[in-house]
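K.L.:
Make a model of this:
(2 chains)
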There are 2 protein chains.
Amino acid sequence: MNERRAAAGLPDCGDELSSGEFLIAPSPDDPDLTRQVSGIDHEGRRTTAYVVAERPLTIFLNDQEVVTAMTVGDHPKLLAVGYLVNQAMLQGDDTLSSVEYDEESEVVVVRTERATDYEEMMRHRIRTSGCAVGTVFGQVMENFEDVTLAPDVRIRTSTLYTLSRKITLQPSLYLKSGAIHGCALCEGERVLLYVEDVGRHNAADKIAGWLWLNRVDASRMLLYTTGRLTSEMVIKTVQMRIPALVSRSGFTAQGVELAEQANLTLVGRVRGRRFLALAGTQRLILDVDPSEVPDDPPASIRKGAAP
Amino acid sequence: MNERRAAAGLPDCGDELSSGEFLIAPSPDDPDLTRQVSGIDHEGRRTTAYVVAERPLTIFLNDQEVVTAMTVGDHPKLLAVGYLVNQAMLQGDDTLSSVEYDEESEVVVVRTERATDYEEMMRHRIRTSGCAVGTVFGQVMENFEDVTLAPDVRIRTSTLYTLSRKITLQPSLYLKSGAIHGCALCEGERVLLYVEDVGRHNAADKIAGWLWLNRVDASRMLLYTTGRLTSEMVIKTVQMRIPALVSRSGFTAQGVELAEQANLTLVGRVRGRRFLALAGTQRLILDVDPSEVPDDPPASIRKGAAP
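P.N.:
Purely as a prediction, here's the structure:
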């Protein structure tokens, strides 16, 4: 049993890690995550639809309130820990003593044995620098510049197509209600985790939380997101040591620039057989004739729901 | 000349307000807003693509640093003022003395004649409540509950279809580079403003900034967004006194609930002839046979760019 999972009060995931797929999958049947509402459609007919939950979650690090995030509500502990890790507020040498989630008050408290560097920073800086956000960002960028992503990892386009199809066809809140982002952690052709959230950053943070709590090395894995390839997504991916980030969506200039700087493989606009790779292209092996790749299956047609 | 525009150093918009369309339109040809990058496509061919800019903008209210937003970079003054208005940090009775934008340092400083309530709050609360965010949110929700949206406004579906078509066909960063959100302020069948930003909230804030600086009453207007209909978008729309919010994208449960509470007309998943209205449906007049409405024109096909 890993001591971080134990401290967080999460069940051990045992041998699953070495063999399983979808260790965490979306939960479209969880009644807490969607609500059925009624309205009218374009022909004036009364109709019902599922819409996705969106609720506040306040994250504390020891006695310091850090942030209130709007989240769909599942995996609150993974989200809280991952948020703190991705903000460099929780570092590798911090020892977790507990993670408590109170459903009623919608609060997660992450406790460490000693006060963290972040709390020290907050004490010194909060009066002058707008919540120490600048300082924290500085630490994040310092970490970013220190990371070397595995140069020898190769990604076959056949793998990209397989992963994209698996994720698209997996039952999800996205297919049920739309208006939600998904993020998947993949190893070869296996999808290890597929998590969803109303915020794309929350979905990535849940994955970071899982990696940190399980002490999993993601340096040969791949991250898939339904969201845009922005600077923030690139920074989070690099902080997780993941060498490739793939998305159905498009790019920002800053996302591309940071990916180049970190030697991150950045592939966007993945739809059916098409994609566009704008950084780290030397990792790609085009091992399949794209004309043999079928277009996106109908199940992936969006619910008018730009994720 | 309106004194707020004068204080902000913005040109007068003269008579345009009463007659014009696209008083502000997207600027796909502005070289500062996109960058051409090269990469490879799914067939391994070298190719180039435009990607959208994403840069930090730090907003000050008098001497208080408030936030750093990631933005595409146009209309920084509208964004700063609108952000402060939508956060209830700048209120109707505050007198603007200047708005200064420094391009090099990427900072906007909004100055008022007296210290604002927000600054007072910050002074009292910052040490205990995580940057006074809770306090500010309380003020926003108090304002939200005080708003009565015009009950007698009616929205014809023919108008919805016309607006959707106009916005979709207008040359934009979205059509050029994808990965960007748009927000449009409409009056009847006229599109007054169509602004874009990498963050959907920034786009809404630019509109709020324009409304506040021009002292324009939006209580019979309509807001169109490419983004999801979340609690935050609903709150911003209600704060602008706009009685209808329309989107290509889907809904969150919290967005629907707040729209019901405020009697806001909420229409989502607008694609071609289809839509779904989940709140305030009594304002809709179905005056057109949807089978006569053409499907979305090809120009609106996304660049793999979920906005």
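K.L.:
how would you label whichever residue of the stretch 151-300 of chain A sits closest to chain B: helix, strand or coil?
P.N.:
Nearest residue of the stretch 151-300 of chain A to chain B (C-beta to the nearest C-beta) works out as residue A:269 at 2.8 Å. In this view, the C-beta of every residue, glycine as well, is placed from N, C-alpha and C. Recorded secondary structure, residue A:269: strand (DSSP: H, G, I helix; E, B strand; the rest coil).
K.L.:
Hmm, it is touching residue A:277, no?
P.N.:
No. Using C-beta atoms under 8 Å, residue A:269 makes no contact with residue A:277, being 9.5 Å away.
K.L.:
Which one's more surrounded, these two?
P.N.:
For residue A:269 versus residue A:277, the count of surrounding residues by other C-beta atoms under 10 Å in any protein chain shown is larger for residue A:277: 27 against 24.
K.L.:
Grab the nearest non-local neighbour of residue A:88.
P.N.:
Leaving aside its sequence neighbours, residue A:88 sits nearest to residue A:139 (C-beta to C-beta, 6 or more residues apart in numbering or on different chains; 4.4 Å).
K.L.:
Mind telling me what element that neighbour is part of?
P.N.:
Using DSSP states H and E, residue A:139 sits within helix A:133-146.
K.L.:
what helices or strands is that helix leaning on?
P.N.:
If contacts are counted by 3 or more C-beta pairs under 8 Å, 6 or more residues apart in numbering or on different chains; DSSP states H and E, helix A:133-146 sits against helix A:117-125, helix A:231-239, strand B:64-71.
K.L.:
and the last one with helix A:231-239, angle?
P.N.:
Counting by axes from the mean of the first three to the mean of the last three C-alpha atoms, to 10 degrees, strand B:64-71 points 90 degrees away from the direction of helix A:231-239.
K.L.:
Next, the angle helix A:133-146 makes with strand B:64-71.
P.N.:
Going by the same axes, to 10 degrees, strand B:64-71 makes 40 degrees with helix A:133-146.
K.L.:
Outside of strand B:64-71 itself, list whatever touches it.
P.N.:
The contact list for strand B:64-71 (C-beta atoms under 8 Å, 6 or more residues apart in numbering or on different chains) reads A:129-130, A:133-134, A:137, A:230-232, A:254, B:54-60, B:79, B:83-84, B:87, B:89, B:118-119, B:122, B:197-199, B:202.
K.L.:
Which secondary structure state does residue A:196 sit in?
P.N.:
Recorded secondary structure, residue A:196: strand (three-state DSSP).
K.L.:
in the sheet, who's paired with it?
P.N.:
When bridges are called by DSSP bridges, residue A:196 pairs up with residue A:182.
K.L.:
Can you pull out the low-pLDDT segments for the stretch 101-250 of chain A?
P.N.:
Along the stretch 101-250 of chain A, the model assigns pLDDT under 70 to residues A:121-136.
K.L.:
now the strands for the stretch 151-300 of chain A?
P.N.:
Along the stretch 151-300 of chain A, counting by DSSP state E, counting those that start in this stretch, strands occupy A:155-156, A:181-187, A:190-197, A:222-225, A:244-247, A:265-271, A:274-279, A:284-285.
K.L.:
got it, and the stretch 1-150 of chain A?
P.N.:
According to DSSP E, counting those that start in this stretch, the strands that the stretch 1-150 of chain A contains are A:34-41, A:46-52, A:55-61, A:64-71, A:96-102, A:107-112.
K.L.:
Domain-wise, how is chain A divided?
P.N.:
With automatic domain parsing as the criterion, the domains of chain A are listed as A:55-146, A:155-300.
K.L.:
Of these, give the one that comes closest to residue B:94.
P.N.:
For the domains of chain A, proximity to residue B:94 was assessed by C-beta to C-beta; domain A:55-146 is nearest, at 19.8 Å.
K.L.:
Can you report how many residues lie near residue A:271?
P.N.:
With other C-beta under 10 Å as criterion, residue A:271 counts 17.
K.L.:
pretty sure it is in contact with residue A:248, am I right?
P.N.:
Yes. Residue A:271 lies in contact with residue A:248 (C-beta under 8 Å); the separation is 6.3 Å.
K.L.:
so the helix holding residue A:139 versus strand B:55-61, what angle?
P.N.:
Using the same axes, to 10 degrees: helix A:133-146 against strand B:55-61 is 160 degrees.
K.L.:
what sits up against helix A:133-146?
P.N.:
For helix A:133-146, the external contacting residues (C-beta under 8 Å, 6+ apart) are A:86-89, A:117-118, A:121, A:125, A:129, A:235, A:238-239, A:258, A:262, B:68.
K.L.:
Buried only: go through these for me.
P.N.:
Listed as buried from the contacts of helix A:133-146 are A:86-89, A:117-118, A:121, A:125, A:235, A:238-239, A:258, A:262, B:68; burial here means 16 or more other C-beta atoms under 10 Å in any protein chain shown.
K.L.:
Adding distance to residue A:286 as columns, could you present the residues you listed in a markdown table?
P.N.:
Output for those, formatted as a markdown table (distance: C-beta to C-beta, whole Å):
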| residue | distance to residue A:286 |
| --- | --- |
| A:86 | 32 |
| A:87 | 37 |
| A:88 | 36 |
| A:89 | 40 |
| A:117 | 44 |
| A:118 | 43 |
| A:121 | 46 |
| A:125 | 49 |
| A:235 | 28 |
| A:238 | 24 |
| A:239 | 29 |
| A:258 | 25 |
| A:262 | 23 |
| B:68 | 40 |
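K.L.:
Identify whichever of the domains of chain A lies nearest to residue A:43.
P.N.:
With C-beta to C-beta, the closest approach to residue A:43 among the domains of chain A belongs to domain A:155-300: 19.8 Å.
K.L.:
Tell me the gap between the closest one and the middle of its chain.
P.N.:
Relative to the centre of its chain, domain A:155-300 is centred 9 Å away, using C-alpha atoms, centre = their mean, to the nearest Å.
K.L.:
How about stretch A:70-90?
P.N.:
Worked out by C-alpha atoms, centre = their mean, stretch A:70-90 lies 10 Å from the chain centre.
K.L.:
Let's test this: mean pLDDT of it, rounded?
P.N.:
The average pLDDT for stretch A:70-90 rounds to 95.
K.L.:
end to end, how far does that stretch reach?
P.N.:
Using C-alpha to C-alpha, to the nearest Å, one end of stretch A:70-90 lies 21 Å from the other.
K.L.:
Could you report the distance from the closest residue to residue A:98 other than its chain neighbours to chain B?
P.N.:
Leaving aside its chain neighbours, residue A:98 sits nearest to residue A:111 (4.7 Å; criterion: C-beta to C-beta, 6+ apart). For residue A:111, the distance to chain B equals 17 Å [C-beta to the nearest C-beta, to the nearest Å].
K.L.:
I figured residue A:111 hits residue A:96, correct?
P.N.:
Yes. Taking C-beta under 8 Å as the definition, residue A:111 is a contact partner of residue A:96 at 7.3 Å.
K.L.:
Who has more neighbours out of the two?
P.N.:
The neighbour count for residue A:111 versus residue A:96, taken as other C-beta under 10 Å, is higher for residue A:96 (19 against 15).
K.L.:
Is the more buried one bridged to anything, and to what?
P.N.:
Going by DSSP bridges, residue A:96 is paired in beta bridges with residue A:112.
K.L.:
Contact partners for it?
P.N.:
By C-beta under 8 Å, 6+ apart, the residues touching residue A:96 are A:3-4, A:7-8, A:81, A:110-113, A:213.
K.L.:
That'll do, ta.
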